[in-house]
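*Asks:* predicted model and sequence below, questions to follow.
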Amino acid sequence: MAEIRFGKAVTQALVECMENDSSVIVLGEDIGHGEGSFKVTRGLLKKFGPERVLDTPISEAAIVGAAVGAAMTGLKPVAEIMFMDFITLAMDALVNQASKARFMFGGQCSIPLVVRTTHGGGLNAGPQHSQCLEAWLAHVPGLKVVCPSNPSDAYHLLKAAIADPDPVVFVENKTLYAVSGDFNPGDPPQQIGRARIARAGDDVTIVSYGAAVGTALSAAQTLQGEGISAEVVDLRSLQPWDEEAVFGSVKRTHRLVIVHEAVRSFGVGAEIAARVAEDAFDELDAPVVRVGAPFMPVPFAKSLEKQYIPDAAAVLAGVRKALS
Amino acid sequence: MAEIRFGKAVTQALVECMENDSSVIVLGEDIGHGEGSFKVTRGLLKKFGPERVLDTPISEAAIVGAAVGAAMTGLKPVAEIMFMDFITLAMDALVNQASKARFMFGGQCSIPLVVRTTHGGGLNAGPQHSQCLEAWLAHVPGLKVVCPSNPSDAYHLLKAAIADPDPVVFVENKTLYAVSGDFNPGDPPQQIGRARIARAGDDVTIVSYGAAVGTALSAAQTLQGEGISAEVVDLRSLQPWDEEAVFGSVKRTHRLVIVHEAVRSFGVGAEIAARVAEDAFDELDAPVVRVGAPFMPVPFAKSLEKQYIPDAAAVLAGVRKALS
Amino acid sequence: MVAGTGLSRNLFTWKIAGAHGAFGRPVAGADFSMDGGIPVAMSSPYHRERVRFVAIWEAAMPERKNFAMKDRLLAMIETMMLIRGTENRLAKLFADGEIPGFIHLSVGQEAVAAGVMSALGPRDTIATTHRGHGHVIAKGIGLERFFKEVMGRANGICAGRGGSMHVADMSVGVLGANGIVGAGIPIAVGSALGHKLGKTNAISSVFFGDGSQSEGVLHESLNLSSLWRLPILFVCENNGWSEFSPTSRQFAGSMEALARAFGLAYSKVDGNDVEAVALEAETAVESLRNGGMPHVLECMTTRGRGHFEGDPQKYRDPKELSGLEAIDPIPRAARKACSNPGGDSALRAIEERVASQIEEAVRSAMEDELPDFRKAIEDVYTKRREA
Amino acid sequence: MVAGTGLSRNLFTWKIAGAHGAFGRPVAGADFSMDGGIPVAMSSPYHRERVRFVAIWEAAMPERKNFAMKDRLLAMIETMMLIRGTENRLAKLFADGEIPGFIHLSVGQEAVAAGVMSALGPRDTIATTHRGHGHVIAKGIGLERFFKEVMGRANGICAGRGGSMHVADMSVGVLGANGIVGAGIPIAVGSALGHKLGKTNAISSVFFGDGSQSEGVLHESLNLSSLWRLPILFVCENNGWSEFSPTSRQFAGSMEALARAFGLAYSKVDGNDVEAVALEAETAVESLRNGGMPHVLECMTTRGRGHFEGDPQKYRDPKELSGLEAIDPIPRAARKACSNPGGDSALRAIEERVASQIEEAVRSAMEDELPDFRKAIEDVYTKRREA
Ligand SMILES: Cc1ncc(C[n+]2csc(CCOP(=O)(O)OP(=O)(O)O)c2C)c(N)n1
Ligand SMILES: Cc1ncc(C[n+]2csc(CCOP(=O)(O)OP(=O)(O)O)c2C)c(N)n1
Ligand SMILES: [Mg+2]
Ligand SMILES: [Mg+2]
């Protein structure tokens, strides 16, 4: 068991997939010579050459559109959209083309496409470089959406995403890149759609994903000191999401708090809360609580952004509400 | 009190706003000479001339982008995006520009922009011409989202949207255009964000919007024959949505069914259900029930589409579940 | 008989629903007059430009000899007749309420499909538009499964889930018609990348309308194809119309200037002259297979019917409509073929084959069952997730 | 003293954090040598093209006389110095951790901002990019509120919510910098529409980088502006770079060919020659105010520093970096001004004014409070909804 940084884990997954399957290509802005804005594609160009590591122009619509066509023609493209905010420019290709091709062509083809992108604040990058828009994509039949919380999952889930025959949006939280964690490349392959109990507990279930899992865990740590045992469920995948794991946990704790960095209203947490209110209602001993960003754009100033992103204190408040 | 068709009500609202305020312009594909794909802009070009009724090229990104700039420069643009599926091409302008400008420029300006678009199936227009994507936009701070269910609301809410200082996405369900309804232009101006009790009842609350309100009402009619009194809440506006009205109704009926045509998972209903599970949990006597389209693209064939769009039978099944 | 063409006109349902001709205008019942030239009645700037251009192109024609065309001409005529016959049949089926949704016919534009596809092989891929029937038929989609699809039946090529705007047949390289204007263009760019990296020597081609020239993704795609020097043939089907508007009111640019701005090869052809289209396409395809720059082929043609079936076309000058038959690519090609020995009987044989093929396809489609909802939902993902 | 320029160099923090020159490379401490020409050291294709172009433009210069420039030159120099001084100060503040997020400096490109803005009036509007400090300063944003914004303070022009990439000042017609490459372009098109319909005789202008030429929205915007014949000046700031890549590897097109493809007016200018920029801009603006076609002005310049502060620029040829100071637009303009009577002392006065203005602004920004979260959330909508 080695330690690895999140960013490095992503790189390693890319390298291995490219080594094992010559149809895997990566493309995106400044990912070749520039090695990626977050240096995640470091070394790929040198290793695999410009035929498989394609620097693209600043043309998000054509990047994803071309990736769809490439996927129809024998390749497995891994496209990078530098910031998730820019996915606004590629929504047609993702939503009207990639996600629907298999269905609307009667099952004639699959679209083995991965779009890697970064979300989240914490870098004071401002309103157009910090958004968490994963709920949009989870609403689109035909897409899968993955959002790892730690290096090991980043590695294994990216490999699973690339192996997946269908289009997967792989969301990396920027603040995680520098985070180190345990990592065993020899672990059995992961399946998209399986959550992970990041911490077992009995009194309350905290469901989360991505960087917010760390926030949830640190809140759980504090709660432990108060004699409250919180279970933290790391969704890992948002579409599909692991209903069994969430329901199973709620059945034991009877209290549910959902935490994510995205804007709370109409976010991923809404679906989780709704499903529990529909299908595990009788298990609930208290109202569901959602913790998420307030309904405003991500502000630039350090002081503002700090108040904007849900922190451990916000999770604690949420848990206390659920327990009261 | 006169009768008017939904499409005609939209036209009339446009005409009156343009008559009353010379800064109102309309722009879109084939809306001038072509009078609109659904003939909603009929007569406008003749009445107001090509300076204020602008036929655009097939350039959705630039249509909405230019509308943002026009709104910053003294105009009140009403842009038409022919089918909501095409909004995928204009998401940057809507989400990164229009919705954020006021906030991120420190309140220096407002963006009085309306984007009219059509959603929904029923015309066998297939997977790329039938989607209901309003949940995306409701997730974006800075946007308002309106979706009327009847001619009178279409008229009054469009007038409210055009009068609104902020960007409003105004969603018209295609199947409603031909529907007639009562209409009183002299009614006091409506406010965005106020729901309407479309039918009063005691046993269960059915929350809906757009064309699905009609489905809900017809289910309520059937239920009445069975001695079940259903209250139908027509949201009218999805962002903001009328929490007071929904909570108020749930407080009386203690049972909630949410109905929309959009895909159920991660749809607008998720937010409503989640909020009720958070803030009116103790009022609920039964699990929340959501009725929406299954998790698949809108299929083309008549037989498939018919099964796809939630109908009165689906609402009835939902209500029965909520009552059991 | 249509004079000098070898065609017995009645095999095609020129009179749809008894009221309208192939081009959607009332027909007098008499044989239409063909002069093989350009009708003077066309009055829009677009048509004036088209007339001027065709004259120039034809003047240069004699020099362009390297093209053995004889049998190919017959094959292309058969393709065109198959498309025309199919679409006229669709128009009737639509009028009879047998087709859900809306359909966009390519009547009058068949020479583009037949000509370009005559230069492509089965492993070459194409992407097309809402007006794509002709392209997919010319590329070799099975007619029965095509009709079933457009009619929303279970055994349609897309299992009834896509319909007219989404016909696709991966087995013959049809990556799909598309309901989003311009969206096929980057898909074809990506397919060309697949061909290039796969070293298949296949090429990719995309058909797009003049109206779609206004979409930004065209710009991005031209650029990408140039940077990567991809084997792609961009076919701009310039029919002068973008829905209810002449494209001249929507697009201030010029396809030629754009292509050249990105360093692409470009040629322009009379899109109603199937031999000319084939010739230009073949030249372009040859160059592409040899690593040449991506090529834009602009085909000047005219939309024969409304934007969609049922479009009353009030926005169209009756003079323009009445001039359409005179430039119909099918009789024009047929007359040429007829002048070859045996052409006459060959055409008759084609006519029969086509007609029976269509009737057989329609018959089988009418009998086909309706699609199954459960099967549909299983195809949202490749392996249905269990949960 | 910088020889022949009238400038006492030390007023500008050429040495940022003691280690790097204005252009981000180590400076020897000696006065840099100016030859007023183009350094031969520049070796990329882009720079060869730039050299060739500048030579052609300068050869034509003597004919272009109708331009009274004297006082204006001093004003433009003051603008450029204000920008340079501000950005060098920002670099230092950034290195000191006083600026959150990331900043993109326009060092070396000031002549474009100063030149174009000298041709615009206060009611004209502009939209710009992530590299927009120069433009907004030249357009007249208050320096104090500018610094406060970039530093994330309460009284920043955007209340600390936007930062460097989103500075906007509606009161002087700045519709905003933009974090989305290309996104300012259609906004400016819409603003031009507002001017046209409002009959204000104002025009709209948009600054965009060479890298953004690849975004499809440029194509759509050029088309729209041409169709509607809008009073808009498109300013392509061609600095040769798109992040870490030479734009020549990203964009196969040519701005000139694109502009012409849409029927727009086009001109190209040495973007490091402030007088040349002003001259071309003025000509274009005059034409626009008289109802002329939209105009694309391509300004050839060079990015003086990294893509963002902190970018080590390993991808850049050291020879290119070492040639940068030789084409610095500020000493070049200063030398010219100095040759006028009284130029010397005028420049010194400017230097002092600029320096104290900047120090005053920084001081006031440092003292400003942090923004209030509640106030921020109240500005998501114009009238905060009650619920
Ligand atoms: C993105 C998008 N915008 C608008 C439409 C509506 N629409 C369908 S066809 C069409 C006109 C297309 O014109 P052209 O590209 O010339 O093709 P033609 O119909 O002439 O074959 C329009 C605007 C669409 N389908 N997709
Ligand atoms: C839509 C979008 N894609 C990518 C980026 C990331 N990005 C920021 S600046 C830049 C390069 C821009 O180059 P250019 O337009 O030449 O401007 P310059 O930085 O040279 O001033 C890129 C790719 C972005 N901000 N927005
Ligand atoms: Mg057309
Ligand atoms: Mg640049």
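*Replies:* Happy to help now that I have it. The structure presented is a predicted model; accordingly, all values stated were derived computationally and were not measured. Numbers count the residues shown, from 1 in each chain, chains lettered A, B, ... in the order given. Ligands and ions are numbered 1, 2, ... in the order given.

*Asks:* phi and psi next, for the residue of the stretch 151-300 of chain C at minimum distance from ligand 3.
*Replies:* Across the stretch 151-300 of chain C, the shortest distance to ligand 3 (Cβ to the ion) belongs to residue C:209, at 3.7 Å. Just so you know, the C-beta spots here come from the backbone N, C-alpha and C atoms, and that holds for glycine as well. Listed backbone geometry of residue C:209 is phi -80, psi 160, with angles given as degrees, to the nearest 10.

*Asks:* I figured it hits residue C:239, correct?
*Replies:* Yes: in terms of Cβ atoms under 8 Å, residue C:209 counts as a neighbour of residue C:239; the distance is 6.7 Å.

*Asks:* contact partners for the residue positioned nearest the centre of chain A?
*Replies:* For chain A, the residue whose C-alpha lies nearest the mean C-alpha position (Cα atoms, centre = their mean) is residue A:147; its distance is 1.5 Å. Shown here is residue A:147, whose contacts under the criterion Cβ atoms under 8 Å, 6 or more residues apart in numbering or on different chains are A:119, A:134, A:170-173, A:209-210, A:235-238.

*Asks:* closest one to ligand 1 out of these, please.
*Replies:* Nearest to ligand 1 out of the contacts of residue A:147 is residue A:134 (Cβ to the nearest ligand atom; 24.6 Å).

*Asks:* need the nearest residue in space to residue A:138, chain neighbours excluded.
*Replies:* Excluding the flanking residues, the one nearest residue A:138 by Cβ to Cβ, 6 or more residues apart in numbering or on different chains is residue A:239, at 4.0 Å.

*Asks:* repeat for residue A:196
*Replies:* Taking Cβ to Cβ, 6+ apart, and ignoring the residues beside it in sequence, residue A:196 has residue A:234 as its nearest neighbour in space, at 4.6 Å.

*Asks:* count of neighbours near the one you found?
*Replies:* 27 (other Cβ atoms under 10 Å in any protein chain shown).

*Asks:* for chain C, which helix or strand comes out least confident on mean pLDDT?
*Replies:* Scoring the helices and strands of chain C by mean pLDDT, DSSP states H and E places helix C:45-60 at the bottom, with a mean of 60.

*Asks:* following it, which helix or strand comes up?
*Replies:* Next along the chain after helix C:45-60, taking DSSP states H and E as the criterion, comes helix C:70-95.

*Asks:* wait, does that following helix contact chain B?
*Replies:* No: with Cβ under 8 Å from any Cβ of the partner chain as the criterion, chain B is not reached by helix C:70-95; the gap is at least 11.6 Å.

*Asks:* which of the three states applies to the residue lying closest to residue C:132 once chain neighbours are set aside?
*Replies:* Distances taken as Cβ to Cβ, 6+ apart put residue C:177 closest to residue C:132, at 3.5 Å, once the chain neighbours are dropped. Secondary structure, DSSP: H, G, I helix; E, B strand; the rest coil: residue C:177 is coil.

*Asks:* does residue C:177 touch residue C:164 like I think?
*Replies:* Yes: under the criterion of Cβ under 8 Å, residue C:177 is in contact with residue C:164, at a separation of 7.3 Å.

*Asks:* could you name every residue contacting both of those two?
*Replies:* Counting by Cβ under 8 Å, 6+ apart, the common neighbours of residue C:177 and residue C:164 are C:130, C:133.

*Asks:* which one of these two has more residues nearby?
*Replies:* residue C:164 (30 against 26).

*Asks:* what helix or strand is residue C:233 located in?
*Replies:* Counting by DSSP H and E, the secondary-structure element that holds residue C:233 is strand C:232-238.

*Asks:* ditto for residue A:41
*Replies:* Using DSSP H and E, residue A:41 falls outside every helix and strand.

*Asks:* tally of neighbours for the residue nearest to residue A:138?
*Replies:* Other residues near residue A:239 come to 28 when the count uses other Cβ under 10 Å.

*Asks:* now do it, the pLDDT please.
*Replies:* Among the per-residue scores, residue A:239 shows a pLDDT of 98.

*Asks:* and it, how far is that from residue A:275?
*Replies:* Distance check for residue A:239 against residue A:275: by Cβ to Cβ, to the nearest Å, it reads 13 Å.

*Asks:* kindly report the same for residue A:20.
*Replies:* Taking Cβ to Cβ as the criterion, residue A:20 is separated from residue A:275 by 36 Å.

*Asks:* how about residue A:301?
*Replies:* Residue A:301 sits 37 Å away from residue A:275, going by Cβ to Cβ.

*Asks:* same question, residue C:179
*Replies:* Per Cβ to Cβ, residue C:179 is found 32 Å from residue A:275.

*Asks:* what's the separation between residue A:214 and ligand 1?
*Replies:* Look at residue A:214 and ligand 1: by Cβ to the nearest ligand atom, to the nearest Å, they are 41 Å apart.

*Asks:* in which helix or strand would I find that residue?
*Replies:* For residue A:214, the enclosing helix or strand under DSSP H and E is helix A:212-225.

*Asks:* tell me the helix or strand right after that helix.
*Replies:* In the C-terminal direction, the helix or strand that comes right after helix A:212-225 (DSSP H and E) is strand A:230-234.

*Asks:* can you give me the angle that next one makes with helix A:212-225?
*Replies:* Using axes from the mean of the first three to the mean of the last three Cα atoms, to 10 degrees, the interaxial angle of strand A:230-234 with respect to helix A:212-225 works out to 170 degrees.

*Asks:* tell me the strands beside strand A:230-234, with direction?
*Replies:* Strand partners for strand A:230-234, identified by DSSP bridges, are recorded as strand A:196-199 (antiparallel), strand A:204-208 (parallel).

*Asks:* I'd like to know which of these is closest to ligand 4.
*Replies:* With Cβ to the ion, the closest approach to ligand 4 among these belongs to strand A:204-208: 39.6 Å.

*Asks:* chain neighbours aside, what residue packs nearest to residue C:99?
*Replies:* Excluding its sequence neighbours, the residue lying closest to residue C:99 (Cβ to Cβ, 6+ apart) is residue C:93, at 5.2 Å.

*Asks:* quick one, what contacts the nearest residue to residue C:264 once chain neighbours are set aside?
*Replies:* Spatially, and ignoring its direct neighbours in sequence, residue C:264 is nearest to residue C:294 (5.0 Å; Cβ to Cβ, 6+ apart). If you count contacts by Cβ under 8 Å, 6+ apart, residue C:294 has them with C:192, C:222, C:225-226, C:229-234, C:264-265, C:288.

*Asks:* show me what residue of the stretch 51-200 of chain A gets nearest to ligand 1.
*Replies:* Closest to ligand 1 within the stretch 51-200 of chain A is residue A:92: 7.4 Å, counting by Cβ to the nearest ligand atom.

*Asks:* you'd agree that residue is up against residue A:68?
*Replies:* No: in this structure, residue A:92 is not within contact of residue A:68 by Cβ under 8 Å, at 10.0 Å.

*Asks:* ranges for the strands of chain C?
*Replies:* Using DSSP state E, the strands assigned to chain C run over residues C:125-127, C:204-209, C:232-238, C:241-242, C:245-246, C:265-270, C:295-300.

*Asks:* let's have the ones you listed in JSON lines, adding mean neighbour count and distance to residue D:275.
*Replies:* Shown next, in JSON lines, are those (neighbours: other Cβ atoms under 10 Å in any protein chain shown; distance: least, Cβ to Cβ, whole Å):
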{"stretch": "strand C:125-127", "mean neighbour count": "30", "distance to residue D:275": "50"}
{"stretch": "strand C:204-209", "mean neighbour count": "30", "distance to residue D:275": "45"}
{"stretch": "strand C:232-238", "mean neighbour count": "28", "distance to residue D:275": "43"}
{"stretch": "strand C:241-242", "mean neighbour count": "26", "distance to residue D:275": "45"}
{"stretch": "strand C:245-246", "mean neighbour count": "22", "distance to residue D:275": "45"}
{"stretch": "strand C:265-270", "mean neighbour count": "21", "distance to residue D:275": "39"}
{"stretch": "strand C:295-300", "mean neighbour count": "26", "distance to residue D:275": "41"}
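
*Asks:* many thanks, I have nothing further to ask.
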